[in-house]
Each structure stands twice: as structure tokens, then as C-alpha cells.
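*Asks:* Just a sequence and a predicted model for now, questions to come.
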Amino acid sequence: MKKAFTLLELIVVLVILGILATIATEILLKVYKNYAFTKATNSLAYKTDLVLNTIAAKLETRIPNTVIATECNSSNNGCKDGNITGFISISELNTLNASKYPVIEWINKEIYSRRGEWNSTLNKVTPGWAGFVDLNQTKTNNQNGGDYNITIPYSDINITSDILTSYFDSWGLNINTANSNDVFNQKYATLIFSGPDGRGDFIDINQSYGWYSTTAKNVYQIIPISKDIIRVKEINQSNQATVYEGFYITDGAFAIVPEYNSDTNDFNLTLKQNYFPWKDENYTEGNSSLLATHVIEFKFKEQNGLLRLYLCIQNPSIKIDSNENLTICKERIVF
């Protein structure tokens with residue numbers, strides 16, 4: 001005779017199945033949470049790496065002695081609106097004053113036209129500018145306010161002008177080239193001598209490169225160029241500028257700006273470019289690109305000629321505990 005399950009046996013089976021289902025659900029839920037956490041961590045780590053790599057790539061074309069750290073008025077919408085109250089050379093940053101200067105700025109070496117373009121007649125690439133001066137053929141014309149007529153071998157400054165005009169126009173600057181009013185005459189592109197160590201001709205950061213000072217606009221570290229005869233002009237004769245064998249052509253300044261976001265209580269990290277301090281401009285007058293959101297820390301310093309960058313980004317939707325969001329911090333060295 002076949003026996004049926006008693007009610008008690010059925011109840012016991014159901015209880016056991018309920019316990020097993022609860023355990024299995026907890027295991028599966030834990031596996032899913034671990035998967036989601038790992039995926040969010042990897043995604044945030046990749047994002048942090050990407051932002052640091054982008055900043056490092058931009059900084060690789062800096063003129064080293066032009067890099068500054070900038071202070072903003074935090075009570076007046078801070079760095080977002082360019083309320084700049086002071087700046088120092090990045091070499092002066094230390095653990096005591098680093099938090100006071102959240103913005104890093106630098107003047108950029110122009111690279112696109114330096115590579116030049118193909119010359120079908122000569123059957124080779126002609127550089128826009130080779131980066132060195134023939135000192136034996138450089139002459140000073142004292143009748144023109146101390147202008148220097150410099151000889152730049154293996155270069156075609158017209159290539160530089162054409163490529164830079166296209167570059168600036170692509171960013172919306174709309175260079176007016178009528179009547180030879182080109183990127184040089186309008187001082188969008190200027191010259192900086194490399195100095196004795198290749199870091200830029202440097203005397204005093206407060207009197208150099210045009211940074212935020214009415215007395216710094218026409219000092220000889222930023223030198224206008226006349227395209228027609230490659231004339232370096234408006235040299236400040238009281239400082240007796242030195243013509244070095246090396247030089248850079250610059251196409252503007254760059255800045256990395258943390259902008260406070262009151263809605264999320266963290267920062268947006270923004271790249272500013274195509275502004276010209278020697279034309280009385282600051283980074284709010286250039287082009288802007290968002291690099292990262294939910295940044296909680298961005299630090300930088302120079303050490304032995306190298307730049308160290310430190311960045312922390314959080315994911316506010318992933319909680320480690322009730323008081324702390326998932327955060328990834330990474331560091332990058334820029335040579």
C-alpha cells in the first residue's frame with residue numbers, strides 16, 4: 001500500500017525549502033551586489049585614469065617655467081567665474097599653501113604647425129618652425145625700438161600662420177587675415193625664447209608671460225612676431241633681452257579649473273584653452289571642455305622638474321557605508 005505524506009511532513013518540507021530559498025536568495029543578492037560594486041569600481045577607476053591621462057597629455061606641451069597655481073575668491077562664485085585674486089609659480093607650492101591655489105595654468109607650445117606640411121616641389125616635409133635660431137645671422141635694429149631680425153633655418157613661417165589660422169578658426173576665433181592681420185599681428189601666436197635650460201626665458205613669474213598683471217603684458221618673455229621678415233619686436237630694452245638659440249611659438253594658455261557644484265557638493269573639473277594672458281584675457285574667455293564630474297580632490301605640485309597630479313573622483317550612487325561614497329584616487333607623473 002502506498003503511503004501519503006502527512007501534513008507534518010509537508011510542513012517540514014516547506015519550511016526546509018523556504019530556508020534554502022532564503023539562503024539562496026541572499027547568496028545570489030550578495031553575488032549581484034559584489035558584481036555591481038566591482039563593475040562600478042572598475043568603471044570609476046577607468047574614468048579617473050582617462051581624466052589624468054588627458055590632463056597629462058595637455059601638460060606635456062607646457063613651457064615649464066610658465067606654469068602657475070592660481071587663487072580664486074571663494075566667496076564670489078570662486079574659480080568658475082574667474083575671480084582671480086593671486087597666483088604663484090607652481091614651484092612655490094607646498095603642503096601649507098596648496099589648498100589655497102586650486103587652479104593650474106600654463107602656456108602651451110604650439111605643435112601642429114611645427115610638424116609642417118608636405119612640400120611637393122622639394123619632395124619632403126617642410127617644418128613651420130624648427131625651434132632654433134641661427135645666432136650668427138641674427139641682427140638688432142636699434143632704429144625700430146630694439147627689434148630683432150632673426151633667422152630661423154629650415155622653417156616656413158607662412159605654414160605656421162596658415163595652420164594656426166585654421167586651428168583657431170576651428171575653435172571659433174575667426175581670425176581676420178585681411179591686410180596681413182594674421183595670427184602674429186593679432187598676437188594670438190607669439191614667441192618665447194627657451195632660455196638656458198629649455199624651460200622658457202624666466203626672470204620673475206610676476207613679471208613674465210603676461211599673467212594677471214598690468215605691468216607684465218609687454219615684458220620680453222612674451223614676444224610678438226612679424227611674419228613677413230620673422231622680426232621679433234617690442235623687446236623691453238631696459239631688461240636687455242637675450243636671444244637664445246632655442247625658442248618656442250606659443251598658441252595660447254591652458255588651465256585645469258575645479259568648479260564647485262552646490263547640487264552634488266563636489267566639483268566639476270574643466271579644461272580651459274585658447275585664451276591669451278598677454279592680451280589681458282583669463283581662462284573664462286577661452287574654450288571650455290568638461291573633463292570630469294563628482295571630483296572631490298584635485299592636487300598638483302612640481303618636484304625636481306616633474307609634475308605630480310593627484311585626482312579623486314566619487315560615485316554618489318554607490319555607497320561603501322551610510323556616510324561614504326565609492327571613491328577612487330589616483331596619481332600621475334608628467335615629465
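*Replies:* Good, I have the coordinates.
*Asks:* Name the residues of stretch 97-107 that come out as buried.
*Replies:* 101-107 (16 or more other C-beta atoms under 10 Å). The C-beta positions use only the backbone N, C-alpha and C, and glycine is treated the same way.
*Asks:* okay, among the residues you listed, which ones form the most distant pair?
*Replies:* Using C-beta to C-beta, the pair of the buried residues of stretch 97-107 lying farthest apart is P102 and I107, separated by 19.2 Å.
*Asks:* how about whichever strand or helix holds I333 as PDB, C-alpha atoms only?
*Replies:* For I333, the element it lies in under DSSP states H and E is strand 324-334. This file holds the C-alpha atoms of strand 324-334, laid out as PDB (Å, rounded to 0.1, in the frame of the first residue of the first chain):
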ATOM      1  CA  GLU A 324      30.900  57.400   2.400                       C
ATOM      2  CA  ASN A 325      30.500  57.100  -1.400                       C
ATOM      3  CA  LEU A 326      32.600  54.900  -3.600                       C
ATOM      4  CA  THR A 327      35.800  56.900  -4.300                       C
ATOM      5  CA  ILE A 328      38.800  56.300  -6.500                       C
ATOM      6  CA  CYS A 329      42.100  58.300  -6.100                       C
ATOM      7  CA  LYS A 330      45.000  58.000  -8.500                       C
ATOM      8  CA  GLU A 331      48.300  59.800  -9.200                       C
ATOM      9  CA  ARG A 332      50.100  60.600 -12.400                       C
ATOM     10  CA  ILE A 333      53.700  61.900 -13.100                       C
ATOM     11  CA  VAL A 334      54.200  64.200 -16.000                       C
END
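*Asks:* List the pairing partners of that strand within its sheet, with orientation.
*Replies:* Using DSSP bridges, the strands paired with strand 324-334 are strand 306-321 (antiparallel).
*Asks:* Which parts of the stretch 101-250 of the chain are helices?
*Replies:* 157-170 (DSSP state H, counting those that start in this stretch).
*Asks:* which residues in it form strands?
*Replies:* Per DSSP state E, counting those that start in this stretch, the stretch 101-250 of the chain carries strands over the ranges 103-109, 117-119, 124-126, 139-141, 147-149, 190-193, 225-226, 231-232, 247-261.
*Asks:* between those, which gets nearest to S43?
*Replies:* The minimum distance between S43 and those falls on strand 247-261, with 20.1 Å, by C-beta to C-beta.
*Asks:* Show me the shaky parts of the protein.
*Replies:* 1-5, 74-77, 139-148, 176-181, 203, 207, 214-220, 227-241 (pLDDT under 70).
*Asks:* Give me the domain ranges for it.
*Replies:* If you go by automatic domain parsing, the domain ranges for the chain are 42-105+257-273+280-334, 108-252.
*Asks:* burial of the closest residue to I223 other than its chain neighbours, as a residue count?
*Replies:* Residue nearest to I223 in three dimensions, not counting chain neighbours: L191, with 4.6 Å by C-beta to C-beta, 6 or more residues apart in numbering. Neighbours of L191 under the rule other C-beta atoms under 10 Å: 23.
*Asks:* L191 is in contact with Y248, isn't it?
*Replies:* Yes: counting by C-beta atoms under 8 Å, L191 touches Y248, with 7.2 Å between them.
*Asks:* which residues make contact with stretch 299-310 from outside it?
*Replies:* Contacting residues not belonging to stretch 299-310 are listed as 52, 55-56, 59, 64, 67, 69, 90-91, 93-94, 98, 104, 256, 297-298, 311, 329-335 [C-beta atoms under 8 Å, 6 or more residues apart in numbering].
*Asks:* What are the buried residues along that stretch?
*Replies:* Within stretch 299-310, the residues that count as buried by 16+ other C-beta under 10 Å are 299-302, 307, 309.
*Asks:* Next: stretch 254-273.
*Replies:* Within stretch 254-273, judged by 16+ other C-beta under 10 Å, the buried ones are 254-260, 266-273.
*Asks:* Closest to I318 out of the residues you listed?
*Replies:* Ranked by distance to I318 (C-beta to C-beta), these are led by D266 at 14.1 Å.
*Asks:* Is that closest one bridged to anything, and to what?
*Replies:* Note on D266: beta-bridge partners by DSSP bridges are N261.
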